[in-house]
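A.B. asks: sequence first, then the predicted structure:
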Amino acid sequence: MADINVEALKNFANSKAEKKLAAADKDLVQAIQNLLKISKYYTGEADGIVGNGTLDAFAKYKKEHWLEYPDTLGVTTASSLLEILEEHHGSTDQPQSSSGSQSNKTGPSMKLPSGKIVYSDERIIDTIPLTWGEVTAKCTRVPENKQVVDNIEKIARVFAEVRDKYGSTIGVTSGYRPPAINRQIGGARASQHITGNALDIYPTDKNLKRLYDVCKAIPSVVGLGSGMHKGFVHIDARPGGRTYWNYP
């Protein structure tokens, strides 16, 4: 991935703009072509030229990810494409099994922006079997501000819905990633993990297809990424409309 420059697409995702793919700048088109190539949608050259092959690949990607307007690039499509980067080489985090029936103030600790001390084995929300340690790599990733903490609590509630409907233990491979960590693993600049708004999860019974289907049926799962061949499903509670994608 080091030789693929997607800076133009990252900038576009942050700009909130919208344009026809045919009217996009060469650097932006090249970034999209490269991402479509590693996703196996595009087989041509990443030359920055919007030909029929690029248009067809882009339209196919949007159709298979439930994105409207097959010839138009907007922030939702840009963010969806950038998510491909996030798990291209697989998660670097260690899997953590979802906590059991008890919340313990044990293990490593960290101080939240509010000044509150929380512990690795302590549940984020008392009634939900998800701990601070699972979401913050054993309290080594301290939330940078109150908004991140609020988002972590929000995704914990989404996790609770998923676990309740799945009916079995679910583990976490990756949760909150501070910007520096996200850059180290090659994550997308607009990654929902940076804001504390996302989890990569797996079922301990290994039925990833069923877990994906359960997540798809829950409206509060707004971003849904299929990394089943890598052993996880990505869920997030991003603002905006429903977004689907497949990790290469």
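C.D. replies: Okay, I see it.

A.B. asks: when you work out contacts or count neighbours from here on, use the C-alpha atoms and nothing else.
C.D. replies: Noted.

A.B. asks: quick one: secondary structure of Met110?
C.D. replies: Each residue gets one of three states, and Met110 gets strand by DSSP: H, G, I helix; E, B strand; the rest coil.

A.B. asks: identify the bridge partners of it.
C.D. replies: Val118 (DSSP bridges).

A.B. asks: shouldn't it be in contact with Glu144?
C.D. replies: No: with contact defined as C-alpha atoms under 8 Å, Met110 does not reach Glu144; the gap is 11.7 Å.

A.B. asks: what segments of this protein are helices?
C.D. replies: Listed in chain order, the helices found in the chain under DSSP state H are 7-15, 26-38, 52-64, 75-86, 132-135, 146-166, 179-184, 208-216.

A.B. asks: what is Gly227 paired to in the beta sheet?
C.D. replies: Phe232.

A.B. asks: Met110 and Glu144 - which one has more neighbours?
C.D. replies: Using other C-alpha atoms under 10 Å as the criterion, Met110 and Glu144 rank with Met110 on top: 20 against 15.

A.B. asks: now do the more buried one against Ile32, distance only.
C.D. replies: Distance of Met110 to Ile32, computed by C-alpha to C-alpha, to the nearest Å: 39 Å.

A.B. asks: about what we covered before: most packed of the helices of the chain?
C.D. replies: helix 132-135 (a mean of 27; mean count of other C-alpha atoms under 10 Å).

A.B. asks: just the C-alpha atoms of that one, please, in CSV.
C.D. replies: This file holds the C-alpha atoms of helix 132-135, laid out as CSV (Å, rounded to 0.1, in the frame of the first residue of the first chain):
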residue,chain,number,x,y,z
TRP,A,132,-12.6,-0.2,28.3
GLY,A,133,-9.7,-2.6,27.7
GLU,A,134,-11.3,-4.2,24.7
VAL,A,135,-11.9,-0.9,23.0
